[in-house]
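*Asks:* whatever this is, show me its structure:
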Amino acid sequence: MKKLSVIFVILLTQACAFKDSQLKISHTEDAQFNGPLSEIDKLSFAAPVLKDNREDKVRIGWKKNGYGMNTADITTEQPVVDIIANAISQGLKSNGHLISEDESSIEISGRIDRFWFETDINFWTVEFMGEVTAHLIFSDKDSEETIYESTYTGSHAVKKGGGGQKTWRTVMSIAVNKLIEDIAFDEDLAEALDSE
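*Replies:* You can find the predicted model right below:
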């Protein structure tokens, strides 16, 4: 009976490996990343306008079979630029700032260079890894002069006996959270914005 159960699990896993998966990925809305940005006077930002600069704009990862071969696409429900733009907006709000198109004094532009999910299959465990990278430019809305620009990253990895879409979604969502944290704790960004 145990042998039959093992065979069934293997067959089920192999079958799933050939079916595309679409993940609903987002930042944790109630997460609080109060860094140096929370210590400066309240500012008003326009919603971020980002370009997708990834080499692979179709997928965020591959499903793999037991031999490590790519077998199916992993994609997102929302465009990646929207996921990151919403996360940045939430990060600024959680640090006490406003997102407003009409009253904004600072614009955010930039590009997303990486948004990728990877698995490393070992003998007993599988390591699930997510990485997000974005280059952001903060500009004065009136003068259009650059106030500050930098590259931000977020990554997360976990080792488990196995995992499906819930694990993949969680890993990528935490990586997005880490990106927000990287922005919120950028002391040089806070100093540049504070001088405006």
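*Asks:* if I look at the residue nearest to Asp120 when sequence neighbours are not counted, how far off is Gly162?
*Replies:* Spatial nearest neighbour of Asp120, excluding adjacent residues (C-beta to C-beta, 6 or more residues apart in numbering): Glu127 at 4.2 Å. Backbone N, C-alpha and C define where each C-beta goes, glycine included. Glu127 sits 11 Å away from Gly162, taking C-beta to C-beta, to the nearest Å as the criterion.
*Asks:* between these two, which is the more surrounded one?
*Replies:* Glu127 (14 against 11; other C-beta atoms under 10 Å).
*Asks:* got the phi/psi numbers for that one?
*Replies:* phi -100, psi 120 (degrees, to the nearest 10).
*Asks:* hmm, Val158 and it touching each other?
*Replies:* Yes. Counting by C-beta atoms under 8 Å, Val158 is a contact partner of Glu127 at 7.3 Å.
*Asks:* so for stretch 135-149, what gets flagged as buried?
*Replies:* His135, Leu136, Ile137, Phe138, Ser139, Ile147, Tyr148 (16 or more other C-beta atoms under 10 Å).
*Asks:* surely the fifth one is within a strand?
*Replies:* Yes. Ser139 forms part of a strand when assessed by DSSP: H, G, I helix; E, B strand; the rest coil.
*Asks:* host element of Ala192?
*Replies:* helix 187-194 (DSSP states H and E).
*Asks:* check contacts around the residue nearest to the spatial centre of the chain.
*Replies:* With distances taken as C-alpha atoms, centre = their mean, Val176 lies nearest the centre of the chain, 3.0 Å away. For Val176, the contact set (C-beta atoms under 8 Å, 6 or more residues apart in numbering) comprises Ile25, Ser26, His27, Ile83, Ile84, Ala87, Val132, Gly154.
*Asks:* which of the buried residues of stretch 135-149 lies closest to Ile74?
*Replies:* Nearest to Ile74, judged by C-beta to C-beta, of the buried residues of stretch 135-149 is His135 at 23.6 Å.
*Asks:* tell me the secondary structure of that closest one, please.
*Replies:* strand.
*Asks:* I'd guessed it sits against Ile108; true?
*Replies:* No. In this structure His135 lies outside contact range of Ile108 using C-beta under 8 Å: 11.2 Å.
*Asks:* before we move on, back to that, show me the contacts for the residue nearest to Asp120.
*Replies:* Taking C-beta under 8 Å, 6+ apart as the test, what Glu127 contacts is Thr119, Asp120, Ala157, Val158, Lys159.
*Asks:* could you check the angle the helix or strand hosting the third one makes with helix 187-194?
*Replies:* Spelled out, it's Ala157. Element membership of Ala157 [criterion: DSSP H and E] is strand 146-160. Angle between the axes of strand 146-160 and helix 187-194 is 150 degrees (criterion: axes from the mean of the first three to the mean of the last three C-alpha atoms, to 10 degrees).
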